[in-house]
Structures are given as structure tokens and as C-alpha cells.
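Undergrad: give the three-dimensional model of this entry:
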Amino acid sequence: MERASLGEQLPAQIPDLLRYANSIVANSQQAEDLVSATVVRALERAETFRGDSSLTTWLHKILHNLAIDQARATREHADEAAVAAVTAKWKREDYTVDADEVIVRSESRDELFDALIRLPYIYRAAVVLHDAEGMTMRQIADIFDVGLPAAKQRLRRGRMMLVTSLADGAERRASLAGVPLNCWEARRLVSDYLDDDLPVADRHVVEAHLEGCPTCPALYRSLVASTEALANRSLTMRDPDSTVPPALEAKIRAALNI
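TA: Residues are numbered from 1 along each chain as shown. Down below sits the predicted model:
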């Protein structure tokens with residue numbers, strides 16, 4: 001596809017891409033960064049799109065690959081032991097959940113996303129693409145660059161893990177009794193907290209959550225460590241006199257002029 005033609009069609013795709021990105025990452029800034037990076041990469045590789053799949057599928061595949069890179073960078077990967085534990089539960093004939101509780105929680109956006117964000121990325125993405133975005137399994141297999149059976153397995157496991165995560169909501173809430181915010185809400189704010197970009201009242205609430213939550217402090221410490229590592233000149237070898245190469249500046253300007 002010609003770059004100019006792609007540039008004309010991209011704006012109509014942005015809302016769907018942003019909605020999808022917001023469903024698979026922890027905060028809106030990460031989602032916006034993913035979509036922005038997807039647009040830039042799509043424009044860079046416009047000539048590789050030959051219509052073998054729909055433009056929507058192609059763009060989602062680019063975003064998916066970028067999200068995978070991000071998950072690896074933050075060491076978010078599928079915990080095979082956790083996946084196996086959920087699978088083992090579903091194999092037991094005596095395993096069940098309180099359906100009424102799961103239904104109530106699934107009808108709450110905060111509860112649903114709190115459960116969803118706990119799924120390993122590859123399973124979370126399969127569930128969102130199929131059940132929220134309405135994509136076919138063939139499209140999802142294409143986006144994941146896997147065979148159809150593997151894509152179906154990810155969806156099956158993702159759905160089972162989501163139900164189990166929703167069912168465990170009461171136990172999680174009990175462990176967080178008296179702790180403000182749920183984990184999803186706290187993780188959506190933690191990046192702004194790290195950058196000292198929250199109102200004082202919100203900072204206090206995030207700090208109270210980090211003091212009482214059993215899982216979020218480790219994530220926050222990891223964010224601090226990775227951010228400080230990038231700021232360390234000896235590690236990243238930043239050149240204070242460096243300038244943006246003209247070719248890169250031209251690409252960015254072209255993307256922003258869409």
C-alpha cells in the first residue's frame with residue numbers, strides 16, 4: 001500500500017486500536033504510547049501491506065507485537081505454573097465457582113478489568129480480541145502468528161483463567177480489606193505517581209494502597225528500578241549533545257501530520 005493511502009485510512013482505525021490497547025495494558029498512557037508506536041511502524045512498513053488480511057488485522061498485529069515487546073521488557077510473561085494450576089482446577093469434576101458472584105463482578109467494569117489484568121498477556125489478548133473486539137479465531141491466529149489450534153487454546157485458557165480470577169475476587173478483596181483502591185485502579189495511577197504528576201490526595205491514596213497490597217509493591221519497585229536504570233548515563237550512554245537525526249525527525253513529522 002502507498003504510504004499516502006495508508007495515511008488517509010489510519011485515522012478511522014485509531015479509536016479501535018486505542019480501545020483494544022486500553023483493554024490489555026495497565027494504564028491509558030501505555031495504551032496511547034502503543035497506538036502511537038503502531039502508527040509510526042505502520043507508516044514505516046506501509047509497502048509491506050498487500051491486502052492479504054484486512055487493514056484492521058494488520059494494524060492489530062503490529063500493536064500486538066509491540067505489546068509483546070513491552071511485556072518482555074517489563075518481564076510480564078506467562079507464569080506456566082499459574083496457567084497449569086488453573087487448568088488443573090478446571091479438570092477436576094468437583095471444581096466450581098459461585099456463578100452469581102462471578103456474574104455480579106463481571107458486570108462491574110472495575111472488577112472485570114481487575115480480573116482481566118491478572119491474566120498473562122497472551123491469554124488476556126486472546127480474550128479481548130475475540131470476546132470484546134469480535135475478531136474471528138482465524139484473524140487472531142494471524143495477529144498472534146500462530147496456528148489456529150494454538151490460538152483457540154489461548155482463548156480457551158484465557159476464558160477459564162478470567163472466570164477463576166473473577167471468582168477469586170472475594171478472596172483478593174479480603175486480603176485488601178481496608179486498603180484503598182483495587183489493584184487495577186492503583187496500577188493505572190502508579191506511572192503518574194512515579195512521575196510526581198498526581199494531586200496530593202491521589203498520591204496519598206496510592207501510597208496507602210502500596211502499603212497494604214501484597215502484590216503491587218513489587219511491581220512498583222520494579223518500575224522504579226527500570227526507570228532509574230534508563231536514567232543512568234553509564235548504562236544507557238546518553239550523549240547530552242546528541243541531536244535527532246534528520247531522517248527520524250522527518251518520519252515523526254510525517255506521522256504527526258496525519
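Undergrad: residues contacting the closest residue to Phe49 other than its chain neighbours?
TA: Computed as Cβ to Cβ, 6 or more residues apart in numbering, the closest residue to Phe49 that is not its neighbour in sequence is Met1, at 4.6 Å. C-beta: built from backbone N, CA, C; applies to glycine. Shown in contact with Met1 (Cβ atoms under 8 Å, 6 or more residues apart in numbering): Ala46, Glu47, Phe49, Arg50, Gly51.
Undergrad: just the buried ones from those?
TA: With burial judged by 16 or more other Cβ atoms under 10 Å, the buried subset of the contacts of Met1 is Ala46, Phe49.
Undergrad: which of the contacts of Met1 fall in strands?
TA: Cross-referencing the contacts of Met1 against strands under DSSP state E gives no overlap.
Undergrad: turn the contacts of Met1 into a markdown table, including pLDDT and distance to Trp58.
TA: Formatted as a markdown table, these follow (pLDDT from 0 to 100; distance: Cβ to Cβ, whole Å):
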| residue | pLDDT | distance to Trp58 |
| --- | --- | --- |
| Ala46 | 92 | 10 |
| Glu47 | 91 | 12 |
| Phe49 | 92 | 5 |
| Arg50 | 86 | 10 |
| Gly51 | 84 | 9 |
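Undergrad: quick revisit: any idea how far Thr56 is from the residue nearest to Phe49?
TA: From Met1 over to Thr56 the distance is 14 Å, taken as Cβ to Cβ, to the nearest Å.
Undergrad: could you do Glu228 as well?
TA: Taken as Cβ to Cβ, the span from Glu228 to Thr56 is 38 Å.
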